[in-house]
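**Student:** Sequence first, then the predicted structure, then my questions.
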Amino acid sequence: MPDPANPLAWNRYAYVYNNPVNYTDPSGHSATAVIGGLVALWVVTDAVWDTYDLVSSVSHCLSDSGDNMDCYMAGFQLAMLIIPGEGPADNVARRVDDVGDAASAARRVGDAEWVLPKSIPSVRNGEFARWFNSLTPEQFDQVWADTRLQRAVKSRLRHPGGLHEWHLVSRADTFKRWGVTAEQIHDMRTAIGQVEFVNPIGIHSGKGSTIAHNELLGIIDTSLDYDTFVRRLQNWSHYRLPGGVEALPLGLQP
């Protein structure tokens, strides 16, 4: 086993921790960071050239064809051997540190720092939907934490208005974690004028609307996953909507 401390290494059917971009495993027993290996090669090559330059300068200085510049360069490079922190060995040490940094960077390639957008794409030509669907739940949480961006997201999800979102927009972060797409939120809506309630009687944006809204929020907040939400929404519709479950959009019906 390549690394017993790495949980991914226990899956013997996985190749290089499911990350072939950053690792290689020619032996089949040890995943090696590709970028770290390349930097290691660079370290050795660079150290060899440093040594070659030094020997070359000394040789030219001592030869009959040597000039003052050759001797100056030889003296300078020899001085670098004496000055603490400036010699070839020190350069190699610093470059070895760079190898470690590069290896760490290789491991972080898949988790590269994500930049919070300054604005939210428009709904034109499906730009917002593609953007919404492309985000990971963690990235969306960062967007959602920004009040200004959150308002913009809600506006895009409610576009063009006049419709009731059964996937309540105020819980878009929850639905994102459940893998719901922008298209699902958009398509499974009902015209506000067609949304009525019973037990107690009410209409959307009127009497009884707040009660129904809070009940829906409760269903979302206490559901462990999307399937549970849909099942509980269907049960709720049987006694709270005049048409029962058939009053829900087709995508939310059994």
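**Tutor:** Structure received. Every value quoted in this text rests on a predicted model; they were computed, and no experiment measured them. Numbering: from 1, shown residues only.

**Student:** From here on, just use CA atoms for contacts and neighbour counts.
**Tutor:** Will do.

**Student:** Pull up the per-residue confidence for Asp98.
**Tutor:** We note a pLDDT of 51 for Asp98 in this prediction.

**Student:** pretty sure Asn133 is touching Gln184, no?
**Tutor:** No: judged on C-alpha atoms under 8 Å, Asn133 makes no contact with Gln184 at a distance of 10.6 Å.

**Student:** These two: who's more crowded?
**Tutor:** Neighbours per residue (other C-alpha atoms under 10 Å) separate Asn133 from Gln184, with Asn133 holding more: 16 against 13.

**Student:** distance of the more buried one from Val180?
**Tutor:** Distance of Asn133 to Val180, computed by C-alpha to C-alpha, to the nearest Å: 8 Å.

**Student:** what's the spacing between Leu250 and Trp166?
**Tutor:** In this structure, Leu250 and Trp166 are 12 Å apart, going by C-alpha to C-alpha.

**Student:** Quickly list what's touching both of the two.
**Tutor:** Both Leu250 and Trp166 are contacted by Met188, under the criterion C-alpha atoms under 8 Å, 6 or more residues apart in numbering.

**Student:** higher neighbour count, these two?
**Tutor:** Neighbour totals were compared for Leu250 and Trp166, and Trp166 leads with 18 against 12 (other C-alpha under 10 Å).

**Student:** Contact partners for the more buried one?
**Tutor:** By C-alpha under 8 Å, 6+ apart, the residues touching Trp166 are 185, 188-190.

**Student:** what's the answer for Gly243, then?
**Tutor:** Contacts of Gly243 (C-alpha under 8 Å, 6+ apart): none.

**Student:** Give me the spatial nearest neighbour of Pro200, chain neighbours excluded.
**Tutor:** By the measure of C-alpha to C-alpha, 6 or more residues apart in numbering, the closest residue to Pro200 outside its immediate chain neighbours is Gly208, 6.9 Å from it.

**Student:** what's the neighbour count on the one you found?
**Tutor:** Gly208 - counted by other C-alpha under 10 Å - has 17 other residues nearby.

**Student:** Touching, it and Glu196? I think so.
**Tutor:** No: with contact defined as C-alpha under 8 Å, Gly208 does not reach Glu196; the gap is 9.0 Å.

**Student:** between these two, what contacts are shared?
**Tutor:** Common neighbours of Gly208 and Glu196, counting by C-alpha under 8 Å, 6+ apart, are Gly202.

**Student:** how about the strands of the stretch 151-254 of the chain, start to end?
**Tutor:** For the stretch 151-254 of the chain, the strands defined by DSSP state E, counting those that start in this stretch cover 163-165, 189-191, 196-197, 202-203.

**Student:** End to end on stretch 186-203, go ahead and measure it.
**Tutor:** Using C-alpha to C-alpha, the gap from the first to the last residue of stretch 186-203 comes to 21 Å.

**Student:** Quick check: buried residues in it?
**Tutor:** Buried residues in stretch 186-203, counted by 16 or more other C-alpha atoms under 10 Å: 186, 188-190, 195-198, 202-203.

**Student:** for it, what is the average pLDDT?
**Tutor:** Average pLDDT, stretch 186-203: 95.

**Student:** likewise stretch 238-254?
**Tutor:** Stretch 238-254 carries an average pLDDT of 96.

**Student:** Put together CSV for the buried residues of stretch 186-203, with distance to Gly218 on each row.
**Tutor:** Listed next are these as CSV, based on distance: C-alpha to C-alpha, whole Å:
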residue, distance to Gly218
His186, 21
Met188, 19
Arg189, 19
Thr190, 20
Val195, 19
Glu196, 19
Phe197, 17
Val198, 18
Gly202, 18
Ile203, 19
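
**Student:** Now the two most distant members of these.
**Tutor:** Farthest apart among these by C-alpha to C-alpha are His186 and Val198. That separation is 25.1 Å.
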